[in-house]
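K.L.:
Predicted model and sequence below, questions to follow.
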Amino acid sequence: MESSAAQPSPGVARLTLDELETPPLSLGQLTWRRFRRHRMAIFGSITLLLMVLYCFGGMMFFSEADANRTDTGARLQAPSRVHPFGTDTIGRDILARTIYGGQISLIIGMTAMLVELVFGISIGALAGYFGGLIDSITMRITEAVLIIPQIFLLLVMAKYFAQSIPNYQFMGRTFSGSVLVIIFVIGITSWPYLARIVRAQFLSVKENDFILAARATGASTRDIIFRHILPNSFAPIIVSATLSVAAAITLEAYISFLGLGVRPPTATWGNMLEGAYNYIDTAWWLWFFPGFFIALTVLSINFLGDGLRDALDPHSRAV
Amino acid sequence: MSKSKKMLTWVSLLVAVSMILAACGGAATQPPAAQPTQPPAEQPTQPPAAQPTQPPAARKVVTLIWTQEFDTLNPLYTNMWFVTVLFPVYACQAWWFDDQNAPVPNLVTEIPSAENGGISEDGRTITLKLREDIVWSDGTPITSADFKFTYDMIMADRNAVSSRSPYDLIESLETPDERTVVVTFGKPYAPWLSSLFAGSAGISIIPKHVLEPVFEAEGTIDTAEWNKFPSVGCGPFVLEEWQSGSFARFVANENFWLGRPKLDELFFRFVPDDASMIAALVAGDGDVGTFFAYSDLPELEAAGIKIMNSFSGYNEGWYINLHPEKGNPALKDVRVRQALAYAFNRQKLVQDLLLGRTNVAATDWDNTPFVDPTIEPYPYDPEKAKALLAEAGWTDTNGDGTVDKDGVELILKYGTTNREVRQDTQAVAQQDLAAVGIGTDLQSYDADLFFASYAENGPSANFSLDIIEYSDSPNFPDPDTSVWRCAEIPSDENPAGVNASGLCDPVLEDLFVKQETQVDFAERQQTFYQITRYIFDNAYWIGLWQDPDLFGFSDRITGVKLSGATAFYNVAEWDVTK
Amino acid sequence: MTRYIIRRLLQAIPLLFLVSLVLFVLMQNMGDPLATMGGRKVTRKEDRERLARQLGLDKPVLVQYIYWLVGNDWTKTDMDGDGVAETPGVRKGVLRGDWGISLVNRQPVTKVIGERLPNTLLLMLTAEGVVLVSALLIGIYSALRQYSLVDNIVTAATFVFYSMPVFFFALLAMYIFSVNFRKWGLPYLPTVGMFEPGAGQTVSQVVWHMVLPVATLSFGFIAGYSRYIRSTMLEALGQDYVRTAKAKGLPRPEVIYVHALKNAALPIVTIVALDLPFLLGGAIVTERIFGWPGMGRLFLDHVSRSDTPVVMGILMMIALAVILFQIIADITYAWLDPRIRYK
């Protein structure tokens, strides 16, 4: 969803009497306890783990060649014993393709999140720590990016970078250069929200006494930012980053669905959907399986993110 | 204040807020809610099937499902096959082409020829004799002045028309009287029949009495209202209504000189994709569809849709990058190129992906009378391919599955547009070529990126690819084409060239120059036999499949014949049975 | 207040310049609009050169941007290709209300967009209405019956819907309610378009065709909004003034709908205003799948043909809408909550 609507938060974790009476626990233990109570977060983590197992463990049963082997004689076959998820328009096995496509989708989600973190944290930290002119310039840029709904920006930028990007070899496999493009494009259009969160954190944390103390003891600016302020801002960043992974996976699917995403031969869940809706009534398995995997993964990550929010920051009963 | 009243106040406040928001959003236009409530002025969209009991009263309507909306209906400006294919419906050309691609007079009394004096001795001057009874749909007579006006508009610098071909080759266009148009080319121009006020690549005349005032007032007809709404036309049908994104209606032209069409209305419904087109046709919500994916054909035929192939000169194939400097050295060897042709099982591809509905293409000119009849496509023979590669020095010395020579692996960059069937073909070809040790690096692009010019760094023009797949039509039904010409090789000096293969073979160039002025059909045909044979033997172009335009017609439509050049040439003869 | 609005508007100006410049430059390299002008044929060399000249595409990007912004009627251009600039320009530029001409069909951009805008607004506003009503109902219900079975089910369901990508919901809905209902002989929903050609564009047809797209557009927002209303309601119900109202012995409905809801609904108004322009984004995928003739499809069609003027027009209109709605959100917020003062 390209919505700025707040995230819903199911099953808000509550401190119980029991928790208050036990001997003091470390922060990590406390967090884990709270997280554990969040049933949906546990469900999300397990599902996500299974997904990762499916995508990466599946490599042991199917080679990449299996995922790309065409057999035009056996095209558009319904799910059967030989092809549990059926075959696509040129007879490739959809089960094998969801495995290899899933890897790319998950990798895109993770790396786009990292790109977003780099941009979001550095810009947010700059603005929040230094304030003044830097703050107003960076915040204007942030506003400028936010002014166009992300999906429009993504489509324009994906097209801009879609020019000849060579395929590249990585760990003995060939990837379409468009994977890099999509990661970069998603990362570079997603950072503003994170930057705002980080900025707000910096603004509030930097006024704390321990920062004043650190400054008084002569700590360098770098030390103050990276060793004092940033660690104290981890909670919202981790939550935001987790949810970003889900957003990136969805966005990849959107632009691939609209025909501007990752190019064949590299499969992703998103580009398996491209064109598949032309077969909505004749070959449902073409769109159902990749679509289902995207939905399930995004759901699990959102659950996980929600659990993390409640666990890391019990005060933020924010919605 | 009572509780319920307060509640009411609050609820109405919410409603008011949302109304204000709504009003702000819609401020620029009329209230959107009112939009769909306007029923069509009459009920002209009523299909005849609704009133089967009163055949005389029923309007005969045929619904066409179009997956792309018209860009503009001005024949000078359209860039779209989905519009040019409709010229025989609403526009008027000097002549149409019939199902044998032979010209049929429309605005002229006869097709110009040497015998009737329509073509001058030197082959440079073409004289069009216009019919006496031709009129625009509003009753204004069509005269030679409309031809002159059309020509002037094409050549006017302020009009950004799509193409000036072949009008920029015309030395003079004169109108000695109302019924005569004399066109003189700078030098004999053989392809005139398929492009001079006629043909799929040509254009149709436009009404002087409507557009001249616009041109005089605004200095251009680029933005004329008529472009979007040609209410005055001269085809068998005239546009009645066009609602952007939804539909367009053409009604019978009562003033059509070749006889009022048998149908009353052509209703075009614009749908966004193939799936909706197929659904509409299968459900009987539409009568005519086109541009089908082959995989949909069985479903359509099961629903009683008759599929008709119309060959309009398109042959899908691989243009091999042979640029003297930028081309892959491996491909300079004819044996390697032939190996590509032998290695790719194109017969199976056509059989499975295209359901055997078409054939493997042998030359860029298949389905024209200009192909040497002795040419047969290279058969699928992977052993032969391997032998040819070995003969050329390419063997797999390091056992990685890909052949190599002097330490260089044979990996070809193979690019095309992101049309589904092309991407599927890439994946299948990759597998077949890998089987003989040829590696491929697949690339696909949006059409506007793929065909971008050299100046814009388009992959089909900057020689960064080794294999370039697409289909280009000659000036159908004329065989003349520019993609093979030396002067069209893109470079810094020539950034708009269209010769994607970068090939400048003197033998070939001489033959192309020769045919250009061969006004005599038989002589020109012989030259083209040599051209096609030469390209085939050298494997400069490797055909994949003959790419006909596919049309589907529901079984209630009768009398349809299709032409390759002007598909709907007999639309006035179409009728519906039920 | 007025000064605040004026200041916000003034601040928006440099922002819009920046955005338009960056987008314009991006778009110049998006693809070659001339590449597909030959229809199914590659555009002829002579035509390419001439069209680039006539449409002003041969100028440097910044010059093109200036022409787009302020027009070119103060200068002359070379139209006939002889190297002499002789023809006075006719473009007035965006600043004077001339958004240029579509490269695809040479129609004025405002007209091209204007034809599609009502369809998108119809879809969007209906969806927004559905979202508000359902979200209020669900949110209030869950808040009043916190941790009940229904609340838990609704919580889980909204979460699932919130996470479900738009296209998957759309495809699934289409597969069930159109394809399979038809197979089972049930009354089925139409898949694409605004109306059946046979029936014409009647109210009932359009409403019938809107069911699936509106459902698709709304479901994610309903999920988000109802969670939001639930929590603001819960918060409001715990406030002192509500307790006071209860203690005064006011009847339950009045406490809930007048005292609690009034304050709980405040943030919703802002969120709705901020979200409205973004619904357009959701409309891209929805319009694409359901063949709705709106702006989203227009955008996709014209992006794929590198039609800079139309794409710029759509994006800048959305940017303007975003800014305007931000201001409107602030104003309504201040109007509804007298405690807030803007300076």
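P.N.:
Alright, I've got the coordinates. In this text, all values refer to a predicted model and were calculated from it rather than measured experimentally.
K.L.:
near chain A, which residues of chain B show up?
P.N.:
B:273-275, B:278-279, B:293, B:295-296, B:299, B:348-349, B:351-353, B:418, B:420, B:423-424, B:426-428, B:430-431, B:441-446, B:449, B:457, B:459, B:464 (Cβ under 8 Å from any Cβ of the partner chain). Every C-beta, even on glycine, is put in place using the N, C-alpha and C of the backbone.
K.L.:
dump the residue contacts of the nearest residue to B:Ala392 once chain neighbours are set aside.
P.N.:
Take B:Ala392 and drop its neighbours on the chain: the residue closest to it by Cβ to Cβ, 6 or more residues apart in numbering or on different chains is B:Arg335, 4.2 Å away. By Cβ atoms under 8 Å, 6 or more residues apart in numbering or on different chains, the contact set of B:Arg335 is B:388-389, B:391-392.
K.L.:
swap the cut-off to 7 Å and go again
P.N.:
B:388, B:391-392 (Cβ atoms under 7 Å, 6 or more residues apart in numbering or on different chains).
K.L.:
ok, A:Val239 - contacts?
P.N.:
A:305, A:308-309, A:312.
K.L.:
Just to be sure, it is in a helix?
P.N.:
Yes - according to DSSP: H, G, I helix; E, B strand; the rest coil, A:Val239 belongs to a helix.
K.L.:
my guess is C:Ile140 contacts C:Ser231, does it?
P.N.:
No - using Cβ atoms under 7 Å as the test, C:Ile140 is too far from C:Ser231 to be in contact (11.8 Å).
K.L.:
give me the number of residues near B:Phe521?
P.N.:
Residues contacting B:Phe521 under the criterion other Cβ atoms under 10 Å in any protein chain shown number 12.
K.L.:
Check it and give its pLDDT.
P.N.:
Looking at B:Phe521, its pLDDT reads 88.
K.L.:
ok, it to B:Pro369 distance?
P.N.:
Computed with Cβ to Cβ, to the nearest Å, the distance linking B:Phe521 and B:Pro369 is 9 Å.
K.L.:
joint contacts of the two?
P.N.:
By Cβ under 7 Å, 6+ apart, no residue touches both B:Phe521 and B:Pro369.
K.L.:
now the lowest-mean-pLDDT helix or strand in chain C, how far from the centre of its chain.
P.N.:
Ranking every helix and strand in chain C by mean pLDDT, DSSP states H and E puts helix C:261-264 at the bottom, with a mean of 75. Chain-centre distance of helix C:261-264: 27 Å, with Cα atoms, centre = their mean, to the nearest Å.
K.L.:
Which phi and psi values does B:Ala94 adopt?
P.N.:
phi -60, psi -40 (degrees, to the nearest 10).
K.L.:
Check A:Asp93 too.
P.N.:
Per degrees, to the nearest 10, the backbone of A:Asp93 is at phi -80, psi 120.
K.L.:
partners of it in the sheet?
P.N.:
A:Thr87 (DSSP bridges).
K.L.:
quick one: it and A:Asp66 touch, right?
P.N.:
Yes - look at A:Asp93 against A:Asp66 with Cβ under 7 Å: they come within range, at 6.3 Å.
K.L.:
Provide a list of residues in contact with the most centrally placed residue in chain C.
P.N.:
With distances taken as Cα atoms, centre = their mean, C:Leu280 lies nearest the centre of chain C, 1.7 Å away. By Cβ under 7 Å, 6+ apart, C:Leu280 lies in contact with A:149, C:120, C:124, C:295-296, C:318.
K.L.:
And the helices in the chain?
P.N.:
All of this is about chain A. A:17-21, A:27-37, A:39-52, A:64-68, A:94-130, A:132-146, A:150-160, A:178-205, A:209-216, A:221-223, A:230-232, A:234-257, A:269-273, A:285-312 (DSSP state H).
K.L.:
wait, chain C
P.N.:
C:2-28, C:45-54, C:61-70, C:109-144, C:149-163, C:166-173, C:181-183, C:203-237, C:240-247, C:252-253, C:261-264, C:266-290, C:295-303, C:308-336.
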